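Undergrad: Any chance you could fold what I've pasted below:
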Amino acid sequence: MYNYTFRHDLDLLDIQWTGLFTPEVAERYAREMIDAFRRSGFAPGYRLRIDMSMIRVQPADAIMVVHQNLREFPRASRIAMVTPSAIARHQILRLMTQPYLRIFDTPEPALDWLTATADPKA
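TA: Residues are numbered from 1 along each chain as shown. Okay, the predicted model is just below:
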C-alpha cells in the first residue's frame, strides 16, 4: 500500500502510495509514519514528497483517518504531492492548506522543486 524512505542526504521523507487505503490501513500507516519519523533522526523543516501517481484517489473515510492521525506530525518546510489525477488534486487542496505545498504530475519535477534553494513559495 505504501513505501517510504528517509533520504538523509536531501533531508527528504520520500513516500509512495501504491494502493488504496482502508481506514485500518490508514491508521496503521499513520502510526508507522510517526514511529519511523521518531527513529529517523529527522527534525521539523525536512522536505516531504508523497507520490500518489500509482493510484487515482484515496477513499474519503481512509484519507480522513490519515489526516486526523497526522495532525501533529512534525512540519515540513516544503511538501510536494505527486498525482496526475484532478480528483486527487482537489482532495489534497481541500485537506492540505500549507502555503509551502505544491502538486506535480510526475515525481521528477517534484524532487527538483523540493531540493531547489530558492524560496519554497515560488
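Undergrad: how about low-confidence regions in this protein?
TA: 118-122 (pLDDT under 70).
Undergrad: mind redoing it with 80?
TA: 117-122 (pLDDT under 80).
Undergrad: For Ile55, list the residues it contacts.
TA: 17-20, 88 (C-beta atoms under 8 Å, 6 or more residues apart in numbering). From N, CA and C alone the C-beta is placed, and that goes for glycine too.
Undergrad: Ignore what I typed, I meant Phe6.
TA: Contacts of Phe6 (C-beta under 8 Å, 6+ apart): 12-14, 36, 40-42.
Undergrad: Find the pair from those residues with maximum spatial separation.
TA: Asp14 and Gly41 (15.3 Å; C-beta to C-beta).
Undergrad: Comparing those two, which residue is more hemmed in?
TA: Shown here are Asp14 and Gly41; by other C-beta atoms under 10 Å, Asp14 has more neighbours (20 against 8).
Undergrad: so the spatially most central residue of the chain, which of the three states?
TA: By C-alpha atoms, centre = their mean, the chain has its centre lying nearest to Ile50, at 3.5 Å. At Ile50 the chain is in strand, as set by DSSP: H, G, I helix; E, B strand; the rest coil.
Undergrad: Report the beta-bridge partner residues of the nearest residue to Leu114 once chain neighbours are set aside.
TA: In space, and not counting its chain neighbours, Leu114 is closest to Arg47: 4.5 Å by C-beta to C-beta, 6 or more residues apart in numbering. Beta-bridge partners for Arg47, by DSSP bridges, are Leu12, Arg78.
Undergrad: so who does Arg47 touch?
TA: Arg47 touches 10-13, 76-80, 114-115, counting by C-beta under 8 Å, 6+ apart.
Undergrad: could you redo the last one with a cut-off of 6 Å?
TA: 11-12, 76, 78, 114 (C-beta atoms under 6 Å, 6 or more residues apart in numbering).
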